[in-house]
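Trainee: For reference, the sequence and a predicted model appear below.
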Amino acid sequence: MAYLTEYFSKQSVVIADKNSSNVKALAVPADEVGAEVPEHGNVLVARQLSDERDRLVQSLCCFPMVALWLMNEYDTGADSDDADRDNEAALPSDQAAILNRIKKSYLLASQELSNNAASDPAYLAAKHNLSIAMRQFAFGFEDLTRLVEVIVYAYKYRGLSVQPGHLDSPKQRDIVFKRLEGLHRRNRLAGANLADLFKSIDLSGHDEQFLFLSGMDMQKHFMDIVLAEHRWLSLRQELASANSRLVMFIANQYKAGFLDFEDLVQEGQAGLLKAVDRFDHRMGFQFSTYAGYWIRQAISRALSRCERVVRVPCGQVANINKIYRLREQYILEHGRDPSMERLAEYANMSCEEVDALLSISQTSLSLEAADDDGEAAFAPIDFLEQKVFTPAFREIAQTDLQRLLGEAIEGLNPREAQVIRGHFGVGAEHEKTLQEIGVELNLTRERVRQIQVIALNKIKQNLGQELASFL
């Protein structure tokens with residue numbers, strides 16, 4: 001990481017103009033920058049990114065609908081299994097407490113509106129407290145983008161239109177118009193998923209003027225939301241683009257893995273975006289140091305997913321590597337493989353846990369892959385018995401055997417055939433003893449045995465060789 005620190009210290013410093021929102025890059029080395037520019041360019045962009053994100057959150061929290069969306073999204077756990085969510089785990093305890101305060105403030109504001117007018121001071125105070133409670137919630141990237149989509153969709157659904165006098169410059173008008181047109185295109189391509197998302201919010205029993213404000217207030221806050229979102233996403237892309245070489249530098253160290261270099265860079269970019277969303281410039285450390293950990297984690301997790309046919313959780317991969325390191329250390333010290341009990345003692349685990357880790361660490365083998373490309377090569381599937389389907393030769397042999405048995409019994413007289421069929425269960429549900437057959441034929445058991453011996457000798461003389469081939 002020392003190389004990275006030296007590399008980024010020579011980059012150009014980004015200086016923000018106080019009179020405008022533009023960011024200018026000046027080619028000033030870090031050692032020539034005095035006290036007037038003490039911070040790194042990444043930190044300056046991150047500070048502006050945080051400010052624009054706060055403005056976006058502040059504008060969104062003016063809508064009580066955001067509180068209803070948070071309660072439907074997190075309180076009921078509707079999307080707890082969604083792997084694409086920004087919050088990969090459950091809500092922390094502090095976030096759960098904030099969500100409870102939002103729920104109480106929302107109920108209080110709705111009650112005040114039902115009891116009083118919209119201009120009543122009690123309702124305005126309750127609505128202000130609800131906005132303050134929502135600002136304390138840690139919104140993720142997915143949360144903000146989806147909330148903006150819902151607000152824009154509601155803006156078009158209510159039939160509101162952009163008034164040119166509400167915007168200061170033609171550039172801002174272009175941003176708002178493009179945002180509305182972009183919503184239409186994304187909604188059409190996504191198969192009206194946004195409409196389903198909007199309808200999934202339980203709006204029954206809630207006043208539309210309360211959730212989405214009045215037409216004039218929504219017009220004002222809608223412009224602020226669209227402009228803040230545009231600046232926030234632009235600065236987010238700018239910070240990620242400025243550090244794309246860091247992703248390539250780190251991805252180059254993992255080139256000998258199971259993924260191509262392009263895939264490594266793509267996974268590293270995903271980790272960089274997570275670092276951009278989570279970086280706090282007030283902590284006082286460099287962005288490259290912070291982003292390096294997220295990039296390495298994203299690449300290492302991608303490698304752990306792709307190196308095995310059956311994916312092993314990242315936590316178990318760490319335990320498996322620990323077991324193998326301890327095993328190699330024991331072999332170097334004692335010159336022999338450790339037993340299961342000794343290995344479990346070294347790893348501070350039980351024998352069952354060590355055995356489970358060793359079993360899942362085994363590599364998989366393709367059943368259809370041959371050892372070489374020669375014609376005489378065999379795959380493992382060639383040595384396995386197929387028990388799903390009955391082989392054709394077995395069906396043919398069974399048919400021939402039944403035909404020969406029928407011919408052998410037809411060559412006997414009726415009493416001999418009855419004795420053979422009864423004693424061996426041919427064409428019957430169960431076999432009979434000689435005594436039972438003697439009762440049916442009114443013969444003694446010894447006489448029935450003699451008849452059976454005579455019948456078997458006839459079958460042996462006529463079809464003995466053919467029947468012996470089935471043994």
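Mentor: Structure received. Numbers count the residues shown, from 1 in each chain.

Trainee: Just the local confidence number for A242, please.
Mentor: At A242, the pLDDT value in this model is 91.

Trainee: can you check G257 too?
Mentor: At G257, pLDDT is 68.

Trainee: Over to S110?
Mentor: So, for S110, pLDDT stands at 86.

Trainee: Identify the residue nearest it in space, chain neighbours excluded?
Mentor: Distances taken as CB to CB, 6 or more residues apart in numbering put F210 closest to S110, at 6.6 Å, once the chain neighbours are dropped. Every C-beta, even on glycine, is put in place using the N, C-alpha and C of the backbone.

Trainee: Could you check how far the one you found is from V152?
Mentor: Using CB to CB, to the nearest Å, we find F210 at a distance of 19 Å from V152.

Trainee: ok, now R278?
Mentor: 26 Å.

Trainee: now swap in P380 and tell me
Mentor: The gap separating P380 from V152 is 57 Å, by CB to CB.

Trainee: ok, the two, which is more surrounded?
Mentor: Counted by other CB atoms under 10 Å, P380 and V152 do not tie: V152 has more neighbours, with 22 against 13.

Trainee: That one: helix or strand, and which one exactly?
Mentor: helix 141-157 (DSSP states H and E).

Trainee: tell me which residues of that helix are tucked away?
Mentor: 141-144, 146-155 (16 or more other CB atoms under 10 Å).

Trainee: Any chance of the residues you listed in TSV with distance to W232 and pLDDT as columns?
Mentor: Conversion of those to TSV gives the following (distance: CB to CB, whole Å; pLDDT from 0 to 100):
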residue	distance to W232	pLDDT
F141	10	91
E142	14	89
D143	13	89
L144	8	92
R146	14	87
L147	13	89
V148	10	89
E149	14	86
V150	17	86
I151	14	87
V152	15	86
Y153	19	82
A154	20	83
Y155	18	84
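
Trainee: in the stretch 251-400 of the chain, what spans have low per-residue confidence?
Mentor: 257, 369-377, 386-391 (pLDDT under 70).

Trainee: I figured E407 was touching L463, is that so?
Mentor: Yes - counting by CB atoms under 8 Å, E407 touches L463, with 6.6 Å between them.

Trainee: Is it correct that R308 is in contact with Q362?
Mentor: No - with contacts counted by CB under 8 Å, R308 stays clear of Q362, the gap being 9.8 Å.

Trainee: More neighbours: the two, which one.
Mentor: Higher neighbour count among R308 and Q362: R308, with 15 against 9, using other CB under 10 Å.

Trainee: Angles on the backbone of the nearest residue to that one once chain neighbours are set aside, please.
Mentor: Excluding the flanking residues, the one nearest R308 by CB to CB, 6+ apart is S364, at 6.9 Å. With angles defined as degrees, to the nearest 10, S364 sits at phi -90, psi 150.

Trainee: if we can go back for a sec, and the helix holding V152, how far out from the chain middle?
Mentor: Taking the mean of its C-alpha atoms, helix 141-157 sits 24 Å from the chain's own mean (CA atoms, centre = their mean, to the nearest Å).

Trainee: likewise stretch 261-276?
Mentor: With CA atoms, centre = their mean, you get 17 Å for stretch 261-276.

Trainee: Can you list the buried residues in it?
Mentor: Buried, per 16+ other CB under 10 Å, within stretch 261-276: 263-276.

Trainee: now swap in stretch 41-60 and tell me
Mentor: 41-46, 48-50, 52-53, 55-60.

Trainee: same check, this time on stretch 443-450
Mentor: Judged by neighbour count using 16+ other CB under 10 Å, the buried positions of stretch 443-450 are 443, 448-449.

Trainee: so which of these comes closest to R173?
Mentor: Set against R173, the nearest of these by CB to CB is V448 (109.5 Å).

Trainee: if I've got this straight, the closest one is in a helix?
Mentor: Yes - under DSSP: H, G, I helix; E, B strand; the rest coil, V448 falls within a helix.

Trainee: where's the residue nearest to S110, which helix or strand?
Mentor: With DSSP H and E as criterion, F210 is part of helix 208-211.

Trainee: for T363, same thing?
Mentor: Counting by DSSP H and E, T363 is found in no helix or strand.

Trainee: V453 now?
Mentor: helix 445-468.

Trainee: ok, now V317?
Mentor: Going by DSSP H and E, V317 is in helix 314-334.
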